[in-house]
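Asker: Below is the sequence, then the predicted model.
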Amino acid sequence: MTVTILHNPDCGTSRNTLAMIRGAGIDPEIILYLETPPDRARLVDLINRAGLSVREAIRIKDTPYFALGLDNPALSDAELIEAMLADPILINRPLVETPHGVRLCRPSEVVLDILPEALGIPFTKEDGEVVIDAAGRRI
């Protein structure tokens, strides 16, 4: 099975998502999107397949979102995509693609919607929050 994650190792949500993927016995393709951002076509495809609007795919926290004036409602999707490509920190993460679909995995357990192979495998987040209990039940 091919699984791809647009990953930021400095992000706990991204680390937890990656750990769930690996916990399912899957060695995903890890794209460090801050170093190797997707091209325009790939980014638009991921956003569309995840069922997101372009605005929902933009990260606001700890980014230059406001400094760049990206909160201006008059900006088009194309302009927002251009900003995301110019400064990949604006791409919300982690975006995960599996044969079952694409999701923005915030919170990290959203990955279970497109990774049924991970269901039933106990998982606890870095902060101690149980996602799947010892009996294999999603909490």
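Answerer: Thanks, I have it.
Asker: C-alpha only now, for contacts and for neighbours.
Answerer: Noted.
Asker: In terms of secondary structure, what does the top helix by length along the chain contact?
Answerer: Counting residues, the longest helix found in the chain (DSSP state H) is helix 12-23. On a contact count with 3 or more CA pairs under 8 Å, 6 or more residues apart in numbering; DSSP states H and E, helix 12-23 meets strand 4-7.
Asker: average model confidence for the strand it packs on?
Answerer: Summarised as a single mean, pLDDT over strand 4-7 is 98.
Asker: all helices for the protein, in order.
Answerer: Secondary structure of the chain (DSSP H): helices at 12-23, 40-49, 77-86.
Asker: Just say which of those is most tucked in.
Answerer: helix 12-23 (a mean of 20; mean count of other CA atoms under 10 Å).
Asker: Residues contacting it, please?
Answerer: Helix 12-23 is touched from outside by 5, 7-9, 27-28, 93-94, 105-109, 111, 115, 118, 121, 123, 125-126, with contacts defined as CA atoms under 8 Å, 6 or more residues apart in numbering.
Asker: hey, C-alpha coordinates of it in PDB?
Answerer: Provided in PDB are the C-alpha atoms of helix 12-23 (Å, rounded to 0.1, in the frame of the first residue of the first chain):
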ATOM      1  CA  GLY A  12       3.300  17.100  17.200                       C
ATOM      2  CA  THR A  13       0.100  16.500  15.100                       C
ATOM      3  CA  SER A  14       2.200  15.500  12.100                       C
ATOM      4  CA  ARG A  15       4.500  13.200  14.300                       C
ATOM      5  CA  ASN A  16       1.400  11.500  15.900                       C
ATOM      6  CA  THR A  17      -0.100  11.000  12.400                       C
ATOM      7  CA  LEU A  18       3.100   9.500  11.100                       C
ATOM      8  CA  ALA A  19       3.300   7.200  14.200                       C
ATOM      9  CA  MET A  20      -0.200   5.900  13.500                       C
ATOM     10  CA  ILE A  21       0.700   5.100   9.900                       C
ATOM     11  CA  ARG A  22       3.900   3.300  11.000                       C
ATOM     12  CA  GLY A  23       2.000   1.600  13.800                       C
END
